[in-house]
Structure formats: C-alpha cells, structure tokens
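J.: predicted model follows, preceded by the sequence.
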Amino acid sequence: MSSSSNFFKSQQRSQDFKEFISTLPREKGFSKHSLYRYHYQGFWYVDVLLEAVISCQEHFQAEDSDVFVASTPKCGTTWLKAIAFALLNRRRQPPTSRDHPLLSSNPHDLVPFLETGFYGSRKALDIASFPSPRLLSTHVPHSSLPKLMRSGSKCKIVYVARDPKDALVSEWHFLAKAWVLERTMAEAFEQFCEGLNMYGPFWDHVLGYWKQSLENPERVLFLKYEDMKARPAVEVRRVAEFLGCAFSAEEEEAGEVDRIVELCSFEALSGLEVNKKGKQEVTGIDKSAFFRRGEVGDWKNHLSPEMAKKIDRIVEEKFSGSGLFL
Ligand code: PAP
C-alpha cells in the first residue's frame, strides 16, 4: 500500500463498528492497513470499505435522475466512467472541445465512487451538492446497494463485467502497484477461486447485476468489456439510449459517436499527462495504476492453462442456467 494512500490508512473506527465487525467471519487482509477482510451479506470487504458500505446503506438516498456506473473491480470501470461522463455532458462539453474535462481530470475524479462519500467521518464527497443528473459509481454488489438504488427510485445503473481471468490479472497488477501488495500470482489465483478478491466472489457480484438486467432492463444495463473493445461505437450507442440521451440523426451524421469513442479510448486517456502523473483525489492512488494494457486476453501471459481451466470451470458452474457467458 502506498504510504500516501490516505483513504486506506488505518483510521479511528467507531466503537459500534468495531463491535459489529468482530461478529463477522474474517480472513487475512491485504496489508498492515487492512489487516482483515470481512464477510458481509455474502461478499468480502477490507474493513475500511466495509465501514463505508454500511454507512452508505444507511444514509444514501437515491434520486430518480441518478446514474451509476457499477462493476466488480478491474472490469472497465475507468473506461465506462469516461464514456458515461462524455455522453451525459456532451451538449455543454462537446467531445472535441479543447478544454473537455476528461483532458484535465482523471475519470475517477469526475465520477467518484459512491462509497467514498461515506468513508468514516471524512465525508470526502458532498454528494447532495452534485448537479443533476448525479453521476456516480459503485463496486457494491447489487444485493447490498442502498435500498432506493435496488428498487423504489428510477435511477439507472450501467454495469460492466469482464472475463474473470483478465479481471484477476488486472487486480493482481493493480494491488501490486497501487497498494504495494506483495503477492504471487499463484496466491492471488487461489484467493480469487475462493471468492476472496476485492468485493468477491466475482461470479456472485456479476450474477447479481446480470439477473437485475434481465428482470429490470429499464433500470440495469449489462455490458461486457470484450464487446466494448470489439464494437465500441455499438456499445456507446447502447449506453446513450439506456440513459435517455440517444444520438440524434445530426449527431450520427457529424460523427459524434466516434468522437466519444476516441476521447475515451485507452490510447487517448492513458496518454494524457493528467492520467500519467499524480494521485487520485479521494483514494490517493497513483492515477497511472488505472491504465495498464487495456487488452482482452492478457491472462494468457500470467495464468497457466490449468489455472485458466479451473476458473473457467468455476464460472461455468456458477453461471449455469443464467444465460450469461464471459
Ligand atoms: P477499477 O475497478 O479499479 O476502477 P477498472 O477501470 O475497472 O479498475 O479496470 C482497470 C482495467 O481497465 C485495466 O485493465 P488491464 O489491467 O487489463 O490493462 C485498464 O488498463 C483498463 N482500462 C482503463 N481505461 C481503459 C480504456 N479507456 N479502455 C480500455 N481499457 C481500459
């Protein structure tokens, strides 16, 4: 863990929270700043995140106009944040404008995680003051979202999933870089298979949103990283339609879709000074840690065929009958 990562540093926890988590199943954490991971409502969290998630469940009031980018970590969150931001703001900030916010701010600073607004007493975000429609993101599993986000409000959630093997490899690199976490890939693999990755189990997280996207397609849109890589314009149009800001004939004619695809591409975003240097505002994580290779199938460079087969077998079994394939 980076010594400058203020978000994850050990903080004073309330006595109530300490007592509560002492009742939960736990496993070894990632570092001296997150000694344990806790099992809460079926998913694994490091303590600092769990405190934020519980506080968020208790206090966050979703509004009908809210838009959320959701994911289990390392599946394309940064990319989707950029796309959603560019889509929703394109009238005021055309994608080709020289002072577009994505050219000077990291997508995580433009579209913060909901959870970080409920971290301890720091209240890093004043969510209530966000302009409408509020655009936020979350890694929280669907079943643990604040009540109005699950049902009751008409807020919209765009979820992105990815081949779990690539997500595992991406998480391994990310935690090594952002948290200076020393872990072999074999260790990370074992933990992933046991569901012990961040916000894991991976498959339960993905399935929760997948089922919601089938039951409530007007509320939850399910995307796959691989489809976004293969057909970015098609997926960007899907997101725009879902968010109620479909491209007009004039915009199509003018090439607005391709402009947004280009602005949010891995090559464009990872090449910006703002994403190469410095730390993300709330978490203190190096912004460059959110951009690595941005490719499909990098797992082949890190996992043995046996490891890959084991993950494929688990996922096949877990997804069986759901209609979902990753
Ligand atoms: P997060 O959950 O910590 O926010 P997230 O953005 O979901 O991370 O995942 C990071 C992955 O998306 C990285 O994948 P890799 O490790 O396999 O390379 C990162 O490179 C990739 N990524 C970031 N931005 C883009 C983009 N604009 N297009 C495609 N992939 C991207």
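T.: Cool, the structure landed.
J.: strand partners (parallel or antiparallel) of the lowest-mean-pLDDT helix or strand in the chain?
T.: Across the helices and strands of the chain, mean pLDDT, DSSP states H and E gives its lowest value to strand 26-31, namely a mean of 81. Here strand 26-31 has these sheet partners by DSSP bridges: strand 34-40 (antiparallel).
J.: list the buried ones in the strand it pairs with?
T.: Under the neighbour-count criterion of 16 or more other C-beta atoms under 10 Å, strand 34-40 has S34, Y36, R37, Y38, H39, Y40 buried. Where you see a C-beta, it was placed from the backbone N, CA and C, and this is true even at glycine.
J.: ok, V140 - contacts?
T.: Residues in contact with V140, defined by C-beta atoms under 8 Å, 6 or more residues apart in numbering, are V53, C56, A70, L114, E115, Y199.
J.: equivalent analysis for E171, please.
T.: P73, K74, A188, F192, N197, M198.
J.: recalculate using a threshold of 7 Å.
T.: By C-beta atoms under 7 Å, 6 or more residues apart in numbering, the contact list for E171 reads P73, K74, N197, M198.
J.: and the contacts of V140 as TSV, adding neighbour count, secondary structure and pLDDT?
T.: Output for the contacts of V140, formatted as TSV (neighbours: other C-beta atoms under 10 Å; DSSP: H, G, I helix; E, B strand; the rest coil; pLDDT from 0 to 100):
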residue	neighbour count	secondary structure	pLDDT
V53	26	helix	92
C56	23	helix	90
A70	29	strand	98
L114	26	helix	93
E115	24	helix	89
Y199	21	coil	95
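J.: list just the nearest of the residues you listed to the ligand.
T.: Comparing the contacts of V140 against the ligand with C-beta to the nearest ligand atom places Y199 closest, at 9.1 Å.
J.: export the least confident helix or strand of the chain as PDB, just CAs?
T.: What follows is strand 26-31 as a C-alpha-only set of coordinates in PDB (Å, rounded to 0.1, in the frame of the first residue of the first chain):
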ATOM      1  CA  ARG A  26     -13.000 -12.800   8.600                       C
ATOM      2  CA  GLU A  27      -9.900 -13.700   6.600                       C
ATOM      3  CA  LYS A  28      -6.400 -12.200   6.500                       C
ATOM      4  CA  GLY A  29      -6.400  -8.800   4.800                       C
ATOM      5  CA  PHE A  30      -4.000  -7.300   2.300                       C
ATOM      6  CA  SER A  31      -1.600  -5.300   4.400                       C
END
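J.: what about L221, neighbour count?
T.: 21 (other C-beta atoms under 10 Å).
J.: ok, it - contacts?
T.: V158, Y159, S213, R238, V239, F242.
J.: that one: what secondary structure?
T.: Taken by DSSP: H, G, I helix; E, B strand; the rest coil, the conformation at L221 corresponds to strand.
J.: for the ligand, see how far away it is.
T.: For L221, the distance to the ligand equals 16 Å [C-beta to the nearest ligand atom, to the nearest Å].
J.: that residue pairs with what?
T.: Using DSSP bridges, the bridge partners assigned to L221 are V158.
J.: now A289. Nearest residue, chain neighbours left out?
T.: A178 (4.2 Å; C-beta to C-beta, 6 or more residues apart in numbering).
J.: report pLDDT for that neighbour.
T.: pLDDT recorded at A178 is 78.
J.: got it, and the one 5 residues further on?
T.: According to the model's per-residue confidence, R183 sits at a pLDDT of 82.
J.: okay, it and P201: tell me how far apart.
T.: Between R183 and P201 the computed distance is 18 Å (C-beta to C-beta, to the nearest Å).
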